[in-house]
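Peer 1: Build the 3D model from these lines:
(one chain, ligands or ions: 2)
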Amino acid sequence: MKPISSGRLVSTHVVRLATRKRATRQLEQVFKALQGDHTHPFAHEIYRRVHKKLPRISLATVYRNLHSLVEEGKIRSLLLDEQAARYDPETSEHDHFVCERCGRVIDLFLRRARRIDLTPLAKDGYVVTTHNLTVYGMCQVCAARRRTSRPPRPAVRKP
Ligand SMILES: [Zn+2]
Ligand SMILES: [Zn+2]
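Peer 2: Numbers count the residues shown, from 1 in each chain. Ligands and ions are numbered 1, 2, ... in the order given. Reported below is the predicted structural model:
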């Protein structure tokens with residue numbers, strides 16, 4: 001074996017291993033950044049968090065990692081009526097409450113007494129993967145704040 005070719009072979013192998021190691025570390029950090037966070041953050045918020053640990057990571061890589069974590073079923077993504085997806089470490093079946101005042105998105109674990117009958121959709125040729133309920137209104141914090149703050153008194157005009 002010629003020393004040059006074997007040397008080249010080893011170095012490519014090392015580079016490839018290092019790349020794979022970096023990819024795994026990035027995926028782990030993206031996953032970790034979302035754990036315990038129940039605010040349903042956007043990708044750019046997760047990016048900001050991961051960037052502190054891995055300053056060389058790009059937003060595109062974070063997007064790619066989030067996408068593969070969703071594909072693997074390790075996290076969930078949800079689209080409310082916004083342009084961008086939010087990410088959710090809670091993978092069990094649940095619904096969401098959206099506060100129209102502060103924009104908070106809260107997990108709801110409602111008892112589902114009756115399941116929605118989706119068989120007509122299948123008959124019409126739709127392929128259903130999942131469905132969920134989004135409840136809109138005011139969160140507990142905003143509702144409490146409104147109760148404690150007095151309504152403004154109507155201005156009394158002096159003649
Ligand atoms: Zn609120
Ligand atoms: Zn959720």
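
Peer 1: contacting residues for K53?
Peer 2: Residues touching K53, when contacts are defined by CB atoms under 8 Å, 6 or more residues apart in numbering, comprise Q29. Placement of C-beta: from N, CA and C, glycine included.

Peer 1: can you tell me how far it sits from ligand 2?
Peer 2: 24 Å (CB to the ion, to the nearest Å).

Peer 1: how close does that residue get to F31?
Peer 2: 12 Å (CB to CB, to the nearest Å).

Peer 1: just R48 next, same as before
Peer 2: R48 is 16 Å from F31, by CB to CB.

Peer 1: How about residues contacting stretch 85-97?
Peer 2: With CB under 8 Å, 6+ apart as the test, stretch 85-97 has contacts from 34-38, 40-43, 46, 66, 70, 73-80, 105-110, 132-137, 139.

Peer 1: Name the spans of this protein whose pLDDT lies under the cut-off.
Peer 2: For the chain, residues meeting the criterion pLDDT under 70 lie at 1-10, 150-159.

Peer 1: Domain ranges for it, per the record?
Peer 2: Domain assignment for the chain, taken from automatic domain parsing, gives 1-90, 92-159.

Peer 1: Lovely, talk soon.
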